[in-house]
Every structure is written in C-alpha cells, then in structure tokens.
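In: predicted model and sequence below, questions to follow.
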Amino acid sequence: MEIQKPMRRRRYHPEEFKQAVIAACCEPEASVAGIAMANGVNANQVRRWMRERGIEAPTRRLPMLTGMAPAFVPVPIATPESPAIRIEIRRGNAAIKIDWPVQASGDCGAWLRDWLR
C-alpha cells in the first residue's frame with residue numbers, strides 16, 4: 001500500500017488584495033499585525049509586500065513625556081520575621097500550637113522526643 005503525500009501549494013494573493021491590505025496598514029493608528037491577522041496573512045508577508053513597493057511600514061511608538069524625569073519611588077519592605085519551627089498538635093478536643101525559634105532546633109527536637117514518649 002502506497003501513501004501519497006499531498007502536494008503543498010503556494011498561496012496566491014492577487015495584486016488588488018495586496019494593495020487593499022497595504023492601504024489599510026497605512027491608515028493612522030493601524031496595526032500591521034492586526035490587519036494581517038484579520039485577512040489571514042502573516043504580518044511579515046504584509047511588511048514584505050510594503051517593502052517591495054517602497055512603502056515604509058508604520059512604527060508604533062509610545063508618546064514621549066516631556067518635562068518629566070523618572071522619579072525614585074521608595075517601596076516599603078517588610079522586615080522578615082525570624083524563622084520559626086511551628087508545631088500544631090491536636091488530641092481530642094485539645095489543640096496545642098507552638099512556635100519554636102530555629103536557632104534552638106536541637107532543644108525543640110529533644111522536647112518533642114520527650115513529649116511523644
């Protein structure tokens with residue numbers, strides 16, 4: 001049994017279609033990528049059509065704010081709590097919560113061993 005691979009064909013776009021897409025891209029506030037996507041064409045292809053016709057693709061730049069220098073904004077940083085060992089034990093209706101400093105972890109281990117015996 002032979003399986004034939006389907007032939008891949010190049011897409012063809014008539015000149016009128018290309019001109020219409022390019023004209024839409026030259027509108028004020030137009031997005032080349034948005035117009036290309038809406039017409040089922042890759043944006044790079046549209047830019048190539050524009051370049052081939054000597055048309056420069058519009059660049060979208062953010063407006064520059066004049067007279068305003070970037071300012072330093074202090075951000076409060078919370079002081080980290082000293083790390084602790086937290087033990088929660090429930091037995092029946094009783095519940096015990098213990099926070100033990102990490103620096104005394106050896107004492108915590110000894111206490112826990114004695115308590116569990």
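Out: It's in.
In: domain boundaries for the protein, per the record?
Out: 15-52, 84-116 (automatic domain parsing).
In: looking at those, which is buried most?
Out: Most buried of the domains of the chain by mean neighbour count (mean count of other C-beta atoms under 10 Å) is domain 15-52; its value is a mean of 14. Bear in mind the C-beta positions are built from the backbone N, C-alpha and C, glycine included.
In: could you pull out the helices for the chain?
Out: All helices of the chain, identified by DSSP state H, fall at 15-25, 32-38, 43-52, 105-116.
In: which of these has the lowest mean pLDDT?
Out: Note on these: lowest mean pLDDT is at helix 105-116, with a mean of 85.
In: residues making contact with that helix?
Out: For helix 105-116, contacts defined as C-beta atoms under 8 Å, 6 or more residues apart in numbering pick out 85, 87, 100.
In: what about 7 Å?
Out: Helix 105-116 is touched from outside by 85, 100, with contacts defined as C-beta atoms under 7 Å, 6 or more residues apart in numbering.
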